Structures are given as structure tokens and as C-alpha cells.
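here are the coordinates; sequence isn't available:
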């Protein structure tokens, strides 16, 4: 059948370790992206021309550049050109944060822009200070808008980390390939089962995040 | 009666356009002043200048002895004395009705939340919305939202209320429930500046009428004179738009 391959030796454990490597990279990148993206998004919403100019270039680079190319540039390029020896993990985190922060900043900017000016005015008419206006009126609405959008980004980032095997990181997909290769003659059908398990592992990692998002959206329906 | 608001020679201009120029106005305590005029005549902008949501290029606005302008250091303090209700209600969508109305007194005036809540419930009861206190704005009709917005402005105990076309976005059958609230406020002796297109309401609520056209006060007077015996041709023509008498 091929299914027995999964139970052989420590194969299941190795897959889980691979998943944890992938999640580790993605979650660190997600955390960095959220923080940097929020800061940059707020800066972009302030209409500063210099900030807008550079952020536009930045966003455009991220938009047109395949993540894999970025990964190669940072990982191989850094050694060749600058002469720093980045570990594959560090290079991945840099690339995914670079990408995630760009997308997050665009989401934050969009959410901030979508709050009508007159919400600021009605806050001002009630004598709220601008700090209070952001704290009690603007940010709560922005956060509610951002939840489904950023959850979407987070799950996309988690899924895309499978690319890191291209620069030699042994994450879950790579482990899967190794298992399949090792059992090619004994169990030629192993591929289906291995990839099915990987599918389920990714599902198990992303599903709770989606659930959380749905819960928060319901709770904070605007 | 004592003067509460004085507008001296104010002008609002953009680079090439003059919205209004050299407007003068004096409002007494307890007076209800209704401003009418064709769309785009500058009446809403005028109202927005009074609490510095728009800046003015010339002149002075004095409320209760204090000059209002958009860079005044004590602008927030002065704004506490001016309540404003907008055409589009502008409730805060992520807060319940009760949270909407108690936010400013609790955060700005730092009044005890219990005390504020008690007063909020009284006022909500007065406008017939006590049962909606835990609803969100999206669950309310336009008329209900506007009544909440009025309560929210009243919660700051303003000296003067600015109502900017507060029924213009409402379905016809909801207009009355909102205007009834405003009428009862007028009876309580609140000072109000009202911009509206509801002429019957204007007549019922106003102590004094003002007609603005092309950025100037064209005519003003008590409502009876204003509606029954308009002096200027321009006002006659304007008021005629609201008469639907068969002409053949």
C-alpha cells in the first residue's frame, strides 16, 4: 500500500520536526512582519512624500519579485557579494519578513484610509484628543478590519515557507521527499500517503488560525 | 438674555473661491437660530467653522468670552461647550449605544462612569431608546441613530448645540421622531444653531431665521415675518420652492 512507510522508524517524528522547522521560520517572520508592517503602514497613511516614494518602490519590488528569487538573492548573494555567511534560516526569515512587512503595511494603510474623515471630526467635536481618537475610535476599527486580512497573509506565509527547502533547509516537505526517496523500491506508492500527511499537517497548523479569525470577526462584527 | 456666541466679520476662502465673506452674527443664550439657504450656499461650512472643524481666514468667533480658532491652545476645552450633530450621525460603529454616549464624558471630562451611565440612561429614555442601549449602531434605523447622536452631544452638557442637516439623510417617516426631540430641547431652553431644509420644522422651532445665499446673510428675522412676509426677492424665490400649490 505504501501507508506503512509512515510508521517505519522515526518517520512520523521526522515529519513533525520538519513541520516545526517550517512553522518556526514562518512564525518568526510573521511576528516581524506584523510589527514592521504596522509601523510602515501608519507612516504611509501620513502622506509624507518621501515615505510614500520609498514605500512605493519597496512594495513594487515585493509585488513583482518571486519569493524564491528573493530567497536565492539573499542566501547566495549575501555570501558572494557582501561576504557575510547567513544561515539558511536567517536568510529565510529576512526574505519572508521583507515580503510580509510589505503586504502588511499595505493592509494597514488601506484600513486606516478607509476610516472616513468625519469619524475624526465627530471625535474632535466631542473634545477627544488625537491620542484618544486613535486609541478609542480609529485603532479598534482598524484592528477589526485587519483581522481577516492579516490572517489571510499569515496563512499564506506559513504555506509559502515550503520554498525554504530550495536553499537546503530540511522542513516538512523536504523530509517527505527524503522518506519517499528512501523507500522508492520497497513502497512505490508511499508518495501519496506522505504528501497526504503533509497536507493534513499544514491543515492542522492553519485551521486554528482561521478559526480564531472567524471567532474574532463574529465577536467584533462592525 | 445674554450673548453667548458672537461671530465678527468671518470669512472662509479657498485659493480661488470665497465660501462666505464678512459674516456677522450674535446668538443669545437660549435662542434657537435656524439657518436656511440653497445647497452650496456655505451654511454647513459656516456651522463647521463655529467649532473649528474648518478654519477661517478672517474675523473672530467668540464663545462665552473665548476666541475660537483652529490653533487655539484651549480648543478642546472650548469644544466641550459646543455639541455637534452631523447629517450622517457618525456614531462609532464598534461601540454599543451606551458606550457611544458615555465615551466623551468619561474620557474627556473624567466623570465617574457610574454617574455618567445613570445620566446616559435617563437621556436615552427621554428620546425613547432605553431599550436599545446595548445595541450596535448597525442595528438601528437612521432615525434612532440620529437620536443617539443627539444624546451623545448632550452628554457633554454643551452650552450650544450645532445641528447640521440632521434629517437630510433620513427616510421621510423618520424625520419627525428626530425633529420632535429637537423641539423638546428648544422648549427646555437650549441654545441651538440649526441648518435644515425642513421649512415647517424651522418655523416651529426657530426664534430667529437666517437666510444665507452666495456666502452672505441675505435676510433675517422672526419666523413669522420670514415665512409670511419675506422682503428680499431672493428669499421669496427660495421659499417658493417649498410651496406646492396647484397653479392652473
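Sure, I can see it. Since this is a predicted model, take the numbers as computed values, not measurements.

pLDDT on stretch B:59-71, on average?
Averaged across stretch B:59-71, pLDDT comes to 86.

likewise stretch A:122-135?
Stretch A:122-135 carries an average pLDDT of 94.

Okay, residue A:13 and chain B: tell me how far apart.
46 Å (Cβ to the nearest Cβ, to the nearest Å). C-beta here means a position set from N, CA and C on the backbone, and glycine is covered the same way.

State the mean pLDDT of stretch A:59-74.
91.

how far does it stretch from start to finish?
17 Å (Cα to Cα, to the nearest Å).

did I read that right, residue B:103 in a helix?
Yes. Per DSSP: H, G, I helix; E, B strand; the rest coil, residue B:103 lies within a helix segment.

Pull the contacting residues for it.
By Cβ atoms under 8 Å, 6 or more residues apart in numbering or on different chains, residue B:103 lies in contact with A:126, A:128, A:136, B:92, B:95.

Next, count neighbours for the residue nearest to the first one when sequence neighbours are not counted.
This points to residue A:126. Sequence neighbours aside, residue B:104 is the residue nearest to residue A:126 in space, at 4.0 Å (criterion: Cβ to Cβ, 6 or more residues apart in numbering or on different chains). By the measure other Cβ atoms under 10 Å in any protein chain shown, the count of residues near residue B:104 is 24.

got the residues of chain A near chain B?
A:118-119, A:121-122, A:124-129, A:132, A:136-137, A:140-141, A:144, A:220-222 (Cβ under 8 Å from any Cβ of the partner chain).

Tell me the buried residues in the longest helix along chain A?
The longest helix of chain A (DSSP state H) is helix A:11-44. The neighbour-count check on helix A:11-44 (16 or more other Cβ atoms under 10 Å in any protein chain shown) flags A:11, A:14-15, A:18-19, A:21-23, A:25-26, A:28-30, A:32-34, A:36-38, A:40-44 as buried.

now stretch A:18-36: mean pLDDT?
Stretch A:18-36 comes out at a mean pLDDT of 93.

Centre-most residue in the chain?
No chain was given, so I picked chain A. Taking Cα atoms, centre = their mean, the centroid of chain A lies closest to residue A:157, which sits 2.9 Å from it.

oops, chain B please
The centre of chain B sits closest to residue B:163, judged by Cα atoms, centre = their mean, with a distance of 1.6 Å.

What score does that residue have for pLDDT?
pLDDT, residue B:163: 96.

so which helix or strand takes in it?
Secondary structure from DSSP states H and E places residue B:163 in strand B:160-164.

Next, the buried residues of the helix or strand that comes right after that strand.
Sequence order places helix B:172-187 as the next helix or strand after strand B:160-164, per DSSP H and E. Neighbour-count burial for helix B:172-187, with 16+ other Cβ under 10 Å as criterion, is recorded at B:174-175, B:177-179, B:181-182, B:185-186.

tell me the contacts of residue B:69?
Residue B:69 touches B:52, B:55-56, B:60-61, B:75, counting by Cβ under 8 Å, 6+ apart.

just curious, which of the residues you listed is nearest to residue B:88?
residue B:52 (19.6 Å; Cβ to Cβ).

quick one: the closest one and chain A, what's the gap?
Distance, residue B:52 to chain A, by Cβ to the nearest Cβ: 8 Å.

quick one: pLDDT of that residue?
90.

quick one: contacts for it?
Contacts of residue B:52 (Cβ under 8 Å, 6+ apart): B:68-70, B:72, B:75, B:79.

Can you select the buried ones from these in PyMOL?
Per 16+ other Cβ under 10 Å, the buried members of those correspond to this PyMOL selection:
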select buried, chain B and resi 68+75+79
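
Just the buried positions in stretch B:100-113, please.
Buried, per 16+ other Cβ under 10 Å, within stretch B:100-113: B:100-108, B:111.

Please disregard the earlier target; I meant stretch A:211-222.
Neighbour-count burial for stretch A:211-222 flags residue A:213 (criterion: 16+ other Cβ under 10 Å).

Over to stretch A:65-84?
Going by 16+ other Cβ under 10 Å, stretch A:65-84 has these buried residues: A:67, A:70-71, A:74-75, A:78.

Surely the residue nearest to residue A:126 is in contact with residue B:156?
Yes. In this structure residue B:104 lies within contact range of residue B:156 using Cβ atoms under 8 Å: 5.5 Å.
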